[in-house]
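Participant: My questions concern the predicted model and sequence given below.
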Amino acid sequence: MNRILLLGGSGILGSEVLRKLNLEDEDYIAPLSSELDVRNKASLQRYANDFKPNWIINCTAWTNVDSAEDSFESALGLNETAVRNIAEVAKQINCRVIHVSTDYVFDGSSPEPYDESAQVKPLNKYGESKLRGEGELLKIMPEGAYIIRTSWLYGKSGKNFVKTIAAKAVRNESAQVVDDQIGSPTSARDLARAIIAITDSPPKPGIYNFSNKGICSWFELACTIYRGVGADPKLVEAIDSSSLGLKAKRPKYSLLNKDKWESTGLSEISEWKISLESILPEILTEIQQSEPRCL
């Protein structure tokens with residue numbers, strides 16, 4: 001039976017992993033960030049020595065893309081230093097690691113979906129920090145590490161694009177959304193299912209891409225959300241990324257090739273519209289509970 005140490009269990013992805021662990025009655029612990037700072041190796045070592053997990057699932061991360069430009073050392077603390085700590089502790093106790101990375105390790109210049117062996121060249125500090133974390137993990141424990149690169153992650157918990165746009169939609173507010181960034185959304189619930197599948201039947205260690213099937217722009221995603229909640233998609237205005245004046249550059253094209261994941265046969269990958277439709281009612285309920293007057 002697996003013994004799983006879940007890190008970052010309160011975030012967008014971590015909360016769905018936690019939900020899945022409970023549904024399957026797994027043996028796990030999921031310390032809060034106030035209880036365990038993954039940047040503190042000694043603290044992480046104590047938890048690992050006491051619980052003796054055979055898997056560590058790392059869902060912690062610095063995810064504020066723009067603030068990473070000015071707070072790079074802070075971003076590195078969670079995206080590189082913490083990952084190095086996890087890898088070193090896991091190696092000491094002979095434990096395997098699942099770590100989540102990002103499509104932002106690519107520059108978006110490819111004419112085809114990125115596979116796991118594609119050249120990495122981040123455009124921003126966030127992507128650089130995530131890439132450096134990948135490097136630490138693979139360097140320290142190449143035979144026990146699973147890195148999952150994902151894109152446009154959303155779920156019912158935490159702050160994310162789908163929740164933000166859905167809240168605007170139910171209030172019949174207008175939204176300006178970029179139409180020149182192309183990729184695929186990823187349901188945190190689907191990704192959590194994939195992560196647990198790895199612990200149940202581990203494939204060959206290494207890097208795996210995982211996002212929902214299909215392709216869209218952020219603008220197309222927003223319009224689909226508006227339709228899904230019964231709002232007028234004409235309230236969504238398409239704009240160019242350059243008009244936002246954001247500090248961090250984003251890849252224009254970051255679609256991930258999922259052939260390697262599908263070859264494992266561990267879990268099916270749903271089309272992004274289907275996954276969005278299935279969880280959108282729960283997202284709306286979450287919005288209603290936090291903003292009761294908006295519905």
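Facilitator: Ah, there it is. Residues are numbered from 1 along each chain as shown.
Participant: quick one: the residue nearest to D232 when sequence neighbours are not counted and V178, what's the gap?
Facilitator: For D232, ignoring the flanking residues on the chain, the nearest one in space by CB to CB, 6 or more residues apart in numbering is Y226 at 6.7 Å. No exception for glycine: its C-beta is placed from N, CA and C like everyone else's. Shown here: Y226 relative to V178, a distance of 16 Å by CB to CB, to the nearest Å.
Participant: Have a look at the two and say which one is more surrounded.
Facilitator: Remark: of Y226 and V178, Y226 carries more neighbours, 22 against 19, as counted by other CB atoms under 10 Å.
Participant: Do I have it right that the more buried one meets I165?
Facilitator: Yes - Y226 is within contact range of I165, at 7.5 Å (criterion: CB atoms under 8 Å).
Participant: Now for the two: what residues contact both?
Facilitator: A175 (CB atoms under 8 Å, 6 or more residues apart in numbering).
Participant: follow-up on the earlier one: check which helix or strand covers the residue nearest to D232.
Facilitator: Secondary structure from DSSP states H and E places Y226 in helix 218-228.
Participant: In contact with T60, which residues?
Facilitator: The contact partners of T60, taken as CB under 8 Å, 6+ apart, are 7-8, 11, 14, 33, 38, 78, 82.
Participant: how many other residues sit next to A42?
Facilitator: Neighbour tally, A42, other CB under 10 Å: 9.
Participant: residue boundaries of the strands in the chain?
Facilitator: For the chain, strands defined by DSSP state E occupy the ranges 3-7, 27-29, 55-58, 96-102, 145-150, 153-154, 175-178, 182-183, 186-187, 206-209, 216-217, 236-239.
Participant: Kindly reformat those as CSV containing mean pLDDT.
Facilitator: Compiled in CSV, the strands of the chain are given as follows (pLDDT from 0 to 100):
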stretch, mean pLDDT
strand 3-7, 97
strand 27-29, 95
strand 55-58, 98
strand 96-102, 98
strand 145-150, 98
strand 153-154, 98
strand 175-178, 97
strand 182-183, 97
strand 186-187, 98
strand 206-209, 98
strand 216-217, 97
strand 236-239, 97
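Participant: Now do A48 against D179, distance only.
Facilitator: Using CB to CB, A48 is found at 46 Å from D179.
Participant: tell me what the helix holding Y226 is packed against?
Facilitator: helix 161-170, strand 175-178, strand 236-239, helix 272-290 (3 or more CB pairs under 8 Å, 6 or more residues apart in numbering; DSSP states H and E).
Participant: Same list (the ones you listed) but as TSV, adding distance to S263.
Facilitator: Converted to TSV, these look like this (distance: least, CB to CB, whole Å):
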stretch	distance to S263
helix 161-170	29
strand 175-178	33
strand 236-239	36
helix 272-290	20
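Participant: and those, which is most packed in?
Facilitator: Ranked by mean neighbour count under mean count of other CB atoms under 10 Å, these are led by helix 161-170, which reaches a mean of 22.
Participant: now what about it, what contacts it?
Facilitator: Applying CB under 8 Å, 6+ apart, the set of residues contacting helix 161-170 is 152, 154-156, 174-175, 177, 185, 218, 221-222, 225-226, 228-229, 231, 235, 276, 280, 283-284, 286-287, 291, 294-295.
Participant: Next, the angle from that helix to helix 218-228.
Facilitator: Here helix 161-170 runs at 50 degrees with respect to helix 218-228, directions being taken by axes from the mean of the first three to the mean of the last three CA atoms, to 10 degrees.
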